[in-house]
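Enquirer: Next come a sequence and a model predicted from it.
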Amino acid sequence: MNLTHPFLDADGDKLREECGIFGVIGARDASAMTALGLHALQHRGQEAVGIVSYDGSDFFARRGLGHVAQVFSDASMFAELPGEMASGHVRYSTTGGQGLRNVQPLHADLARGAFSVAHNGNISNAVHLKRELVDKGAIFQSTSDTEVILHLIATSRYPTLLDRFVDALRMIEGAYSLICMTPKRMIACRDPLGIRPLVMGKIGEATVFASETVALDVVGAEFVREIEPGEIVEVRQDGRLTSHRPFGNLPARPCIFEHVYFSRPDSVMGGRSVYEVRRQIGAELAIEAPVEADLVVPVPDSGVPAAIGYAQQSGIPFGLGIIRSHYVGRTFIQPSDGARHADVKRKHNANRALVEGKRIVLIDDSIVRGTTSLKIVQMMRDAGAAEVHMRVASPPTSHSCFYGVDTPERHKLLAARMDVQEMTKFIVADSLAFVSIDGLYRAVGAPGREDGCPRHCDACFTGDYPTRLTDLAEREADAGQLSLPVGKVA
Ligand code: AMP
């Protein structure tokens, strides 16, 4: 356990966050609408939820651990969150840091007025900045990287709140989509590379911001546009909107993994239907890695669109050879490997009548640790499959994400430890293939990496991180020093 790490909780596990954010200004039932929007974003975070509202004179907050429907189980709760402006946050962290103090939106009373912030993403120099701030006397209330933003605004010397906000953003590295509230306005922004998504919509006179378009659909709002990378949008109570571009125009690098796994298939991202992109990845996979087989079986639910694409392209019939129980959480969030193994079995069951005696092409969106694939290949064999060929709708996940998608440390990633042949043996498949990075780019509808200007962040597949990673570099430098033999002078 590294006790000097400023974001460690008692159990020594670092907070890693995946999140969904939603905000609305100018609606009579702002907090109820926010809860509905967050419900549509529940897949982005199931551990905790919070809503902050403003009624023209005061801010109100409710935060809790659990799903949106659990924490906001009673309509009367929205009476305690009055006002025409509200923002909210769903969070998904792995182990550690599960206390209420980390549940967003975070809120503070600053010299220029009250300020609340809901953050999706991860600040890659937060540890560094927190150390500097603590050295100067700052007292942190949470272990969330987001709190750094509040402290940077609080200590900025610029005259206006907006200037202070921009000043704070200039100091942070990494990925952030933010929805902030002040007594006068809602501020939504995306980091200069637009790594994490954020869209804007309209419902009547009200303006809505959300991580994904599905949340606009669910509350009945119309999609207006995406917040541009590096853009700060201010909306006042009367609906007036101002856009600022303090960082100039850098080439955008939105996260490609949103298309592969993270977003809901009924969302539209970068002008493309997420479902359609996933289906297309499956078609690319069928072209790149064909196999003689009788049945294409998706690993539910994440493998379904790609499996449809694979089946359509290859002409091999599609069938639900695995049935998922809808009453178990995602396998990935289980803290220990043992628990994760048990959970895969509770979650998926083979449809023996369909699978028995057949050569199966099994499709999943990604292999991370390899736990799911190992179990599911075995499940197909136990159900009498004649052959099991695994096809994966993303390139090998060989690098950790530092921008807000929860991938484990690098040494736990199967593709960081093994080549495809070794992975095939590990999951005990008859064959294994991943879509190529070019195939993935084709499916997303963007030029590939050949011109040296990738249009997405694909660091989890390539190791090409588009921002500085100060905390990682400092951690590695520290580890290097510590690993020097005792007595040796560096
Ligand atoms: P693993 O069993 O560790 O190889 O994880 C692979 C499974 O986890 C796949 O079925 C994916 O759908 C799912 N998955 C991939 N990335 C993530 C993520 N960041 N969060 C939660 N689940 C994920």
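Expert: Looks like it came in fine.
Enquirer: So which residues of the stretch 201-350 of the chain form strands?
Expert: 206-210, 222-226, 232-236, 241-244, 268-269, 272-273, 295-298, 322-324, 348-350 (DSSP state E, counting those that start in this stretch).
Enquirer: Now do the fourth one, average pLDDT.
Expert: Averaging pLDDT along strand 241-244 gives 98.
Enquirer: So in that sheet, which strands flank that strand, and in what orientation?
Expert: Next to strand 241-244 in the sheet, as set by DSSP bridges, lie strand 232-236 (antiparallel).
Enquirer: For the partner strand, what is the distance to the chain centroid?
Expert: From the chain centre to the centre of strand 232-236 is a distance of 24 Å (CA atoms, centre = their mean, to the nearest Å).
Enquirer: Stretch 316-333 too?
Expert: 21 Å.
Enquirer: Could you tell me which ranges of this protein sit under the pLDDT cut-off?
Expert: When residues are selected by pLDDT under 70, those of the chain lie in 1-17, 93-98, 329-344, 481-490.
Enquirer: Looking at the strands of the stretch 201-350 of the chain, which is nearest to residue 315?
Expert: Among the strands of the stretch 201-350 of the chain, strand 295-298 comes nearest to residue 315, with 9.9 Å by CB to CB. From N, CA and C alone the C-beta is placed, and that goes for glycine too.
Enquirer: Any chance you could list what contacts that closest one?
Expert: For strand 295-298, contacts defined as CB atoms under 8 Å, 6 or more residues apart in numbering pick out 304, 306-308, 310-311, 314, 316-322, 354-355, 358-364, 380.
Enquirer: Run through the residues you listed and flag the ones next to the ligand.
Expert: residue 364 (CB under 6 Å from any ligand atom).
Enquirer: Weed out the non-buried ones from the contacts of strand 295-298.
Expert: 304, 306-308, 310-311, 314, 316, 318-319, 321-322, 354-355, 358-364, 380 (16 or more other CB atoms under 10 Å).
Enquirer: Looking at these, which are in helices?
Expert: Counted as lying in helices by DSSP state H, out of the buried ones among the contacts of strand 295-298, are 304, 306-308, 310-311, 314, 354-355, 380.
Enquirer: Can you tell me which of the residues you listed lies closest to residue 186?
Expert: residue 304 (35.7 Å).
Enquirer: ok, the spatially closest residue to the closest one that is not a sequence neighbour - how many residues close by?
Expert: Of all residues not flanking residue 304 in the chain, residue 298 sits nearest, at 4.4 Å (CB to CB, 6 or more residues apart in numbering). Neighbour count for residue 298, taken as other CB atoms under 10 Å: 27.
Enquirer: ok, what's across the strand from residue 298?
Expert: Those that pair with residue 298 in a beta bridge, by DSSP bridges, are residue 363.
Enquirer: which of the strands of the stretch 201-350 of the chain is buried the deepest?
Expert: strand 206-210 (a mean of 28; mean count of other CB atoms under 10 Å).
Enquirer: Report the angle between it and strand 222-226.
Expert: Per axes from the mean of the first three to the mean of the last three CA atoms, to 10 degrees, the angle that strand 206-210 makes with strand 222-226 is 60 degrees.
Enquirer: contact partners of strand 206-210?
Expert: So strand 206-210 is in contact with 20-27, 30, 33, 37, 40-41, 84, 87, 179, 186, 188, 198-202, 215-216, 219, 221, 227, 233, 235, 239, 241, going by CB under 8 Å, 6+ apart.
Enquirer: 7 Å instead?
Expert: For strand 206-210, contacts defined as CB atoms under 7 Å, 6 or more residues apart in numbering pick out 22-27, 37, 41, 179, 188, 198-202, 216, 219, 221, 235, 239, 241.
Enquirer: Are any of those residues buried, and if so which?
Expert: 22-27, 37, 41, 179, 188, 198-201, 216, 219, 221, 235.
Enquirer: Keep only those of these that are in helices.
Expert: 37, 216, 219.
Enquirer: Provide the contact partners of the helix or strand harbouring residue 373 at residue level.
Expert: Here residue 373, judged by DSSP states H and E, is contained in helix 371-382. Residues from elsewhere that reach helix 371-382 (CB under 7 Å, 6+ apart): 299, 321-322, 331, 340-341, 344-345, 348, 350, 355, 360, 362, 364, 367, 388, 390, 426-429.
Enquirer: Go again with 6 Å.
Expert: Defining contact as CB atoms under 6 Å, 6 or more residues apart in numbering, one finds that helix 371-382 is touched by 299, 340, 344, 350, 355, 360, 367, 388, 390, 427-429.
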